[in-house]
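Asker: Starting from these lines, generate the structure:
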Amino acid sequence: MNKDVLSILVSEDEIDTITTRIAAEIDRDYADSGKKLLLLCILKGSVVFMGDLMKKITLPVEIDFMKVSSYGAGTASSGRVNILLDLHRQDLPDVDIVIVEDIIDSGRTLSYLIDYLKLKGANSVKTCTLLDKPERRDPSLVDFHPDYCGTIIPDEFVIGYGLDYDEQYRALPYVGILKPEVYTK
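Answerer: Next up is the predicted model:
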């Protein structure tokens, strides 16, 4: 375990079980769609999760990427979504999109992206997350629930398996809780 990790929250084995389960759910839900299936990775943190997930989906699947930001300085969301890398496709009416996210906090970013992609003409848009922090959501602002959820976690600062703090820790093969003294310096 990394010296900055307080504890392991989701182990490698648990991540493998989660990706297998979610892939089977996606296979089941889109088996008879008749549309193209697109996994839309939200960069950067979701790339590891999407890589493992797409290998377990048995249906033909395409991938693409968006980069969005809702964080200002530090560890708190600004509440404003900025699209830094957009999805550009002419065939969106023939595409079922599954947005792949590493973690959901407030739910504002994904709520915004769902509406945005529907306005762009996507046939359907669903959401998939490895980690969900429902404690962080204010239902008076956003009543959001992911369509595919790996696991619900407590309101802790987590790293690993694509998740970072200051671009560090992404390569850890598990999800761990970062020691508070690391990010409160």
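Asker: Confirm Ile15 sits in a helix?
Answerer: Yes. Membership of Ile15 in a helix is supported by DSSP: H, G, I helix; E, B strand; the rest coil.
Asker: Near the closest residue to it other than its chain neighbours, how many other residues are there?
Answerer: The shortest distance from Ile15 to any non-neighbouring residue, by C-beta to C-beta, 6 or more residues apart in numbering, is to Tyr161 (6.2 Å). In this view, the C-beta of every residue, glycine as well, is placed from N, C-alpha and C. When neighbours are counted by other C-beta atoms under 10 Å, Tyr161 registers 24.
Asker: who's in contact with Tyr161?
Answerer: 10, 15, 48-49, 102, 130, 170, 172-175 (C-beta atoms under 8 Å, 6 or more residues apart in numbering).
Asker: quick one, phi psi at it?
Answerer: phi 50, psi 50 (degrees, to the nearest 10).
Asker: how far away is it from Leu59?
Answerer: Distance of Tyr161 to Leu59, given as C-beta to C-beta, to the nearest Å: 24 Å.
Asker: Strands of the protein, start to end?
Answerer: Using DSSP state E, the strands of the chain run over residues 5-10, 36-43, 62-71, 77-85, 95-104, 124-132, 148-152, 158-159, 175-178.
Asker: How far does stretch 143-161 stretch from one end to the other?
Answerer: End-to-end span of stretch 143-161 (C-alpha to C-alpha, to the nearest Å): 27 Å.
Asker: Can you point out the buried residues in that stretch?
Answerer: 144, 146-150, 153, 156-161 (16 or more other C-beta atoms under 10 Å).
Asker: Check stretch 35-49 too.
Answerer: 36-43, 45-49.
Asker: mind checking how far that stretch is from the chain centre?
Answerer: 8 Å (C-alpha atoms, centre = their mean, to the nearest Å).
Asker: Let's see that stretch as CSV, backbone CA atoms only.
Answerer: The C-alpha trace of stretch 35-49 is given here as CSV (Å, rounded to 0.1, in the frame of the first residue of the first chain):
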residue,chain,number,x,y,z
LYS,A,35,-28.2,1.2,-32.4
LYS,A,36,-24.5,1.7,-32.1
LEU,A,37,-23.3,1.4,-28.5
LEU,A,38,-20.8,4.1,-27.5
LEU,A,39,-18.9,4.2,-24.2
LEU,A,40,-18.1,7.8,-23.6
CYS,A,41,-15.2,8.2,-21.2
ILE,A,42,-14.9,11.3,-19.1
LEU,A,43,-11.2,12.1,-19.0
LYS,A,44,-8.9,11.6,-17.3
GLY,A,45,-10.0,9.6,-14.2
SER,A,46,-12.4,7.2,-16.0
VAL,A,47,-10.0,5.9,-18.6
VAL,A,48,-8.8,2.9,-16.4
PHE,A,49,-12.3,1.9,-15.5
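Asker: tell me the mean pLDDT for it?
Answerer: Averaging pLDDT along stretch 35-49 gives 97.
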